[in-house]
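A.B. asks: when you get a sec, could you give me coordinates for this:
(2 chains)
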Amino acid sequence: MNEYMLIFRHEDGNRVASPQQIQAWMKQTMDWIGGIAAQNKFVQGNGLPFDDARVVQHDGVVTNGPFGEIKETIGGYIIVKADSADEAAEFAKGCPVLQGDGNTVEVRKIAKADGVH
Amino acid sequence: MKQQELIPHLFRTEFRKITSVLCKLLGLAQMEIAEDIAGETFLLALETWPYKGIPENPAAWLHAVAKNKAKNYIARSNVFNTKIAAELKHTTPCAQEIDIDLSEKNIKDSQLQMMFAICHPSISTEAQIGLSLRILCGFGIEEIANALLTNKETINKRLFRAKEKLRSENVKMELPGDTEIDKKLETVLLTLYLLFNEGYYSESSDNVLHEDLCMEAIWLTSLLAENEKTNQPQVYALLSLMCFHASRFAARRDKNGELILYQDQDETLWNEELIAKGMYFLNMASTGHVISKYHLEAAIAYWHTKKEDTREKWENILQLFNQLLRIEYSPIAALNRTYALAKANGVAEAIVEAEKLNLADNHFYFTLLGELYKDLDSNKAKQNFEKALILAKTPTDKQTIQKKIGALSAG
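C.D. replies: Residues are numbered from 1 along each chain as shown, chains lettered A, B, ... in the order given. This is a model prediction of the structure:
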């Protein structure tokens, strides 16, 4: 069994949501992750808050947050166990982030430290 | 208390005290000697009391006899010369002057140290539970065999091997140091948790026995909660969980000893005092930064002390199961989570999720599906209950499922 990272990409990280919306998304996210954990396929995960973010440019210039200049931004990730990328993609389909227009979930296999990858 | 009740009662409370204190004195390797001395003490009581009358303070009588027997043993054996004398170099090497300390404090300390010694990672969890029942709870071999649904020979072998192992690993009776205590406490808590579950979910027909088992687990956990080195949040969380569960004892069995399911229980029989204790301990557990599985299970048990089905209740239970599964997967938590999902988000969503669980060898899985289909499609419900019936192993489980099938055709 492999591990895959599901990376949540938001088209516009700056969009303002109402507290009720945030509450609903939180519940949906917890239920979605709980469903994966109930299949014993959850490894770990984290949200990456947009607040207080920095981007370090190649010339060493540090700017506040990736917003505005970069089209999409990463909002969080989870790592799941799956036999194939397709199985991992099935998990990704339930991700509440996908309800946002233009948002995507990227599925990436995690390299094993076994010398094969 | 009549004499035939008095001796078993004293055995339960005093055997473990004498054994632990003597083990502390003689060394864990002499566990069998300690057990023998404690056992002989009770034998003497049985031989003396019927003729001379029950002493005014039976426990003190037992302690005095055990002390004498221990002193005689030490004087007789070369244990004194080789082990104790070496450690007591500076004191007078006379067996009769050795203080066998049966004070309240030494008894508690010895039992606590014994708990850590028995829950040593070198012996199996099964053996840890068996030894705990024998040495810390004063259960007889036959009682242990009944409680764990096996026979005396198996238990005797299991305990013998475990004691051998503790000897060969040179396990000491001591509280672990600050750096090790968290890791060791984890093992002790797991054993206590399993000990409680053994009683709570026991298939044994002896109700008194499995309630005893649970109360012993609660008592041992309280020892940890009372000691300032071991009273960590997860200890309180486990204690809280046990109290919430134990509060339903009177309600979960009918007159014939048959199990009554949660939703059919008469909640006026739930024990308010234990529920209040559970809440108190849950509050005590709410410190620190770590949320253990005991915290989450205690919180789930707390919501179950509210019988009324509310959205809030099931939403909370669902989120607690979501968290619990992220920490530690278990099939039973996955199934319970799906049941909570049905209550919080609706049956349709729960059926879709249930089908992903991949637990087709588990009778609870088909019982759950049967429950979920009950109001939607009674044919499908029946099919699932029947699959569950084939997979169920114990008479209690089969009976419960039969009742569910019966209720379907009746409705």
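A.B. asks: B:Glu296 contacts B:Leu324, correct?
C.D. replies: Just so we're on the same page, residue B:296 is Leu rather than Glu. Yes - using CB atoms under 8 Å, B:Leu296 is in contact with B:Leu324, at 4.3 Å. C-betas here are computed from N, CA, C, even on glycine.
A.B. asks: what secondary structure does A:Thr63 sit in?
C.D. replies: Here A:Thr63 is recorded as strand under DSSP: H, G, I helix; E, B strand; the rest coil.
A.B. asks: could you check the pLDDT of the closest residue to it other than its chain neighbours?
C.D. replies: Of all residues not flanking A:Thr63 in the chain, A:Val55 sits nearest, at 5.0 Å (CB to CB, 6 or more residues apart in numbering or on different chains). Predicted confidence (pLDDT) for A:Val55: 84.
A.B. asks: pretty sure A:Val55 is touching A:Gly65, no?
C.D. replies: Yes - A:Val55 is within contact range of A:Gly65, at 7.0 Å (criterion: CB under 8 Å).
A.B. asks: quick one: what helix or strand has the residue in the stretch 101-250 of chain B that chain A sits nearest to in it?
C.D. replies: At 19.5 Å from chain A, B:Leu190 is the closest residue in the stretch 101-250 of chain B, using CB to the nearest CB. Using DSSP states H and E, B:Leu190 sits in helix B:181-200.
A.B. asks: what's that helix packed up against?
C.D. replies: Other helices and strands packing on helix B:181-200, by 3 or more CB pairs under 8 Å, 6 or more residues apart in numbering or on different chains; DSSP states H and E, are helix B:104-118, helix B:125-131, helix B:207-226, helix B:233-246.
A.B. asks: show me what the last one is in contact with.
C.D. replies: When contacts are defined by CB atoms under 8 Å, 6 or more residues apart in numbering or on different chains, helix B:233-246 is touched by residues B:185, B:189, B:192-193, B:196, B:200, B:211, B:214-215, B:217-218, B:221-222, B:224-225, B:271, B:274-275, B:277-282, B:284-288, B:290, B:292, B:294-295, B:297-298, B:301-302, B:304-305.
A.B. asks: could you export that helix as PDB, CA atoms only?
C.D. replies: Output of helix B:233-246 as PDB, limited to C-alpha atoms (Å, rounded to 0.1, in the frame of the first residue of the first chain):
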ATOM      1  CA  PRO B 233      -5.000  13.800  32.500                       C
ATOM      2  CA  GLN B 234      -5.300  10.600  30.600                       C
ATOM      3  CA  VAL B 235      -5.700   8.700  33.900                       C
ATOM      4  CA  TYR B 236      -8.700  10.900  34.800                       C
ATOM      5  CA  ALA B 237     -10.100  10.500  31.300                       C
ATOM      6  CA  LEU B 238     -10.000   6.700  31.600                       C
ATOM      7  CA  LEU B 239     -11.500   6.900  35.100                       C
ATOM      8  CA  SER B 240     -14.300   9.100  33.700                       C
ATOM      9  CA  LEU B 241     -14.900   6.700  30.900                       C
ATOM     10  CA  MET B 242     -15.200   3.800  33.300                       C
ATOM     11  CA  CYS B 243     -17.600   5.700  35.600                       C
ATOM     12  CA  PHE B 244     -19.900   6.600  32.700                       C
ATOM     13  CA  HIS B 245     -20.100   3.000  31.500                       C
ATOM     14  CA  ALA B 246     -20.500   1.600  35.000                       C
END
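A.B. asks: what mean pLDDT does it get?
C.D. replies: What helix B:233-246 shows for mean pLDDT is 97.
A.B. asks: highest mean neighbour count out of the helices and strands packed on helix B:181-200?
C.D. replies: Neighbour counts (mean count of other CB atoms under 10 Å in any protein chain shown) averaged over each of these peak at helix B:233-246, with a mean of 26.
A.B. asks: C-terminal to that helix, what's the next element?
C.D. replies: helix B:272-285.
A.B. asks: just after that next one, pick out the following helix or strand.
C.D. replies: Next element after helix B:272-285 (DSSP H and E): helix B:293-304.
A.B. asks: now that next one - C-alpha only, PDB.
C.D. replies: Presented in PDB, the C-alpha positions along helix B:293-304 are these (Å, rounded to 0.1, in the frame of the first residue of the first chain):
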ATOM      1  CA  LYS B 293      -8.300   8.100  23.000                       C
ATOM      2  CA  TYR B 294      -9.600   7.900  26.600                       C
ATOM      3  CA  HIS B 295     -10.500  11.600  26.500                       C
ATOM      4  CA  LEU B 296     -12.500  11.000  23.300                       C
ATOM      5  CA  GLU B 297     -14.100   7.800  24.500                       C
ATOM      6  CA  ALA B 298     -15.000   9.400  27.800                       C
ATOM      7  CA  ALA B 299     -16.600  12.400  26.000                       C
ATOM      8  CA  ILE B 300     -18.600   9.900  23.800                       C
ATOM      9  CA  ALA B 301     -19.700   8.100  26.900                       C
ATOM     10  CA  TYR B 302     -20.700  11.400  28.400                       C
ATOM     11  CA  TRP B 303     -23.100  12.100  25.500                       C
ATOM     12  CA  HIS B 304     -24.500   8.700  26.000                       C
END
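A.B. asks: contact partners of it?
C.D. replies: With CB under 8 Å, 6+ apart as the test, helix B:293-304 has contacts from B:189, B:193, B:233-234, B:237-238, B:240-241, B:244-245, B:262, B:278-279, B:281-282, B:285, B:313, B:316-317, B:320-321, B:323-324, B:327-328.
A.B. asks: how many residues are close by the closest residue to chain A within the stretch 201-350 of chain B?
C.D. replies: Minimum separation of the stretch 201-350 of chain B from chain A (CB to the nearest CB) falls at B:Asn322, amounting to 3.0 Å. B:Asn322 is flanked by 26 other residues according to other CB atoms under 10 Å in any protein chain shown.
A.B. asks: for the helix or strand where it lies, buried residues please.
C.D. replies: Per DSSP H and E, B:Asn322 falls inside helix B:311-327. Across helix B:311-327, burial judged by 16 or more other CB atoms under 10 Å in any protein chain shown covers B:313-326.
A.B. asks: need those residues in TSV with distance to B:Gly130 and pLDDT, can you?
C.D. replies: Formatted as TSV, the buried residues of helix B:311-327 follow (distance: CB to CB, whole Å; pLDDT from 0 to 100):
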residue	distance to B:Gly130	pLDDT
B:Lys313	38	96
B:Trp314	38	96
B:Glu315	41	97
B:Asn316	37	97
B:Ile317	34	97
B:Leu318	37	98
B:Gln319	37	97
B:Leu320	32	98
B:Phe321	31	98
B:Asn322	35	97
B:Gln323	33	97
B:Leu324	28	97
B:Leu325	30	97
B:Arg326	33	95
